[in-house]
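**Q** Any chance you can model this:
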Amino acid sequence: MFSFASRRCRVFSLVLLVAIGPAFAGCAKQEFQNMRQPTHPVQGQVMLDGKPVANATIVFKPVDAAKFKWREQPQAKSDAEGRFTVFTYEANDGAPAGEYRVGIAVLGGGDDEGGDQVRRDASAAKLPARYADASTSGLTTTVEAKPNTLPTFELTGR
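**A** The predicted model follows:
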């Protein structure tokens, strides 16, 4: 059996946890906010042999990853006209200033909900595999500490 004192102790502990729990959560969120790199708007376009690439995933890999505390990986998804807006922490927030290697792939398709398969149907652009890996794509860009409109990524099917 539990004594009245132990029950009162459990109730007090529960009340204390409910009272200070949100404060700890707020501190964690604030700490995350303090560690975020400042971001700058980034927009661009992807073309393959002169035609827009729809539904492409564009990934920015920092050349100097040491400056990123959270291993940030700015990315974007292109629309039907191949245009994209980059995000790092939240929708359309841009990317931290710096130099990047860029990987571009059209992902999804099949029954793979994870989106890890390269789409092979007729409606998707057929990007050469070299573009999917930022280390082999040959694509680079620089994000400056201001709004950025990147030069078009002109890909070739050859």
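
**Q** which parts of the strand ranked longest in the chain are buried?
**A** For the chain, the strand that runs over the most residues, judged by DSSP state E, is strand 98-106. Using 16 or more other C-beta atoms under 10 Å as the test for burial, strand 98-106 gives 98, 100-106. Heads up, the C-betas are built off the backbone N, CA and C, glycines and all.

**Q** Relative to Lys51, which of the residues you listed is nearest.
**A** Nearest to Lys51, judged by C-beta to C-beta, of these is Val106 at 12.7 Å.

**Q** Could you list the low-confidence segments of this structure?
**A** Within the chain, the stretches with pLDDT under 70 are 1-34, 108-125.

**Q** Would you map the strands across it?
**A** Under DSSP E, the chain gives strands at 42-48, 51-52, 56-62, 75-77, 83-85, 98-106, 139-143, 148-149, 153-155.

**Q** Reformat these as JSON lines; add distance to Ala91.
**A** Output for these, formatted as JSON lines (distance: least, C-beta to C-beta, whole Å):
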{"stretch": "strand 42-48", "distance to Ala91": "13"}
{"stretch": "strand 51-52", "distance to Ala91": "21"}
{"stretch": "strand 56-62", "distance to Ala91": "15"}
{"stretch": "strand 75-77", "distance to Ala91": "10"}
{"stretch": "strand 83-85", "distance to Ala91": "8"}
{"stretch": "strand 98-106", "distance to Ala91": "19"}
{"stretch": "strand 139-143", "distance to Ala91": "17"}
{"stretch": "strand 148-149", "distance to Ala91": "17"}
{"stretch": "strand 153-155", "distance to Ala91": "21"}
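
**Q** Would you agree Leu127 is in contact with Ala54?
**A** No - applying C-beta atoms under 8 Å as the test, Leu127 and Ala54 come out as separate, 11.5 Å apart.

**Q** Pick the one among the buried residues of strand 98-106 closest to Pro147.
**A** Of all the buried residues of strand 98-106, Pro147 sits closest to Gly98, with 15.5 Å by C-beta to C-beta.
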